[in-house]
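Asker: sequence and predicted structure are below.
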Amino acid sequence: MGTVQGNNDLDPKQFALPVDKEHKSKVFPIFSVANPHMRAFHLSWVQFFACFVSSFAAPPLLPIIRDNLNLTATDIGNAGIASVSGAVFARIAMGTACDLVGPRLASASLTLLTAPAVYLTSSADSATWFLLVRFFTGFSLATFVSTQFWMSSMFSPPVVGRANGVSCNWQKLTQSLGVISGMTGGGGNVGAVITQLIFFKGSRYTTELGISYMGIMMIACSIPITLIYFPQWGGMLCGPKSEVTEVDYYMKEWDSQEQQQDLHQVSLKFADSSKSERGKKVESASSEDKDSTPTHV
C-alpha cells in the first residue's frame, strides 16, 4: 500500500472509492476500510497513535519516576528536551526516506527501530539512562511526517486536509514533498526545544509564568501569518486578483525550455486540483474563459 501516484496506467474502476486522475480518493468515508485509500488511513493513524503514546507515556508518571530514580528538576527538564530533540533529526531523515522508499517502508522501519527504546524504558535506573531512552523513543514521533506524506498521496485536495487532521490528531505532489514535510515537522520540534530551554529549564521561571510567557510568544509568532497572500486566492487582509488563476501562478516556476520538455505537467495537474482552495465567500478568477489550455502549454 505505497503511494498511488505515478500509476497513471491503472483503471480508476479498480478502486473501491471514486478517485481523481492521480488516483487519489475524492471522498473520505472514515468508517470504511476500502483498499488502498482507507486501509492506508487507518494503518497510519493507528501507528502514529501508538508512537505518540509511547513517546509521552513518561510525563504522567514523572512523580513516581522522579522518586525512584532520584531525579532533580534539571534532570527532568533535560529528559523532556531530549525527547523532542530526537524527533528533530528523525523527522528530517523521515522526509527523505519517504521520497526514496515511500511512507509505508519508512514508517514501519522507524517503528521497529524505536520499539527497543520503548521496551527498555522500564529498565532505566539512572538519570542518564532515563534521558537516553526518552531521546531514542522521541525518534518515533517522525511517523508524523510519513502519515502526512501518506495521506497527501492517498486523498485529493478537497479531502486531504480532513484526512491529515484526523490521522495526526489522534503534503506526493513533487519529488521533494517528503523533505519539505520533514523539515517542517523538524522545525516544529526545534521550536519545542527552544521553548523548553527558555521557559521550563532550571528555576528561572515558575511553571505558571513560563506558560504565560510561552502563550505570549505563540501569539507573537502567529501574527505574521495574517500577511500570507496568494494572488489567485487572496489572504486574510485582502481578496484575490481577478486576472490571476492557479495555472498562471504555478506556471511561473517553469521557463519556456522546461515547458517544451513537458516538465511542467505535474504543476498543471496540481493547479487544477488546487482550485478547491478557493474560499467559498471569495470568487477567484472565472475559470470559464481561462480553464482552456494556455498557449504556453
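Answerer: In hand now; what should we look at?
Asker: flag every buried residue along stretch 246-253.
Answerer: 246-251 (16 or more other Cβ atoms under 10 Å). (Each C-beta comes from the backbone N, C-alpha and C, glycine too.)
Asker: hmm, Q47 and T111 touching each other?
Answerer: Yes - using Cβ atoms under 8 Å, T111 is in contact with Q47, at 6.2 Å.
Asker: mind checking which of the buried residues of stretch 246-253 are in strands?
Answerer: Using DSSP state E, the subset of the buried residues of stretch 246-253 located in strands is empty.
Asker: how about TSV for the residues you listed, with pLDDT and distance to R204 added?
Answerer: Listed next are the buried residues of stretch 246-253 as TSV, based on pLDDT from 0 to 100; distance: Cβ to Cβ, whole Å:
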residue	pLDDT	distance to R204
E246	87	49
V247	88	53
D248	88	52
Y249	87	47
Y250	84	48
M251	87	52
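Asker: could you dump those residues into CSV with distance to A115 added?
Answerer: Formatted as CSV, the buried residues of stretch 246-253 follow (distance: Cβ to Cβ, whole Å):
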residue, distance to A115
E246, 44
V247, 47
D248, 49
Y249, 44
Y250, 42
M251, 46
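Asker: buried ones in stretch 215-235, by neighbour count?
Answerer: 231-234.
Asker: what's the first-to-last distance across it?
Answerer: Taking Cα to Cα, to the nearest Å, the first and last residues of stretch 215-235 lie 25 Å apart.
Asker: where do the helices sit along the stretch 1-150 of the chain?
Answerer: Along the stretch 1-150 of the chain, counting by DSSP state H, counting those that start in this stretch, helices occupy 37-55, 62-69, 73-101, 103-120, 127-137, 143-154.
Asker: and among the ones you listed, the most buried is which?
Answerer: Neighbour counts (mean count of other Cβ atoms under 10 Å) averaged over each of those peak at helix 143-154, with a mean of 29.
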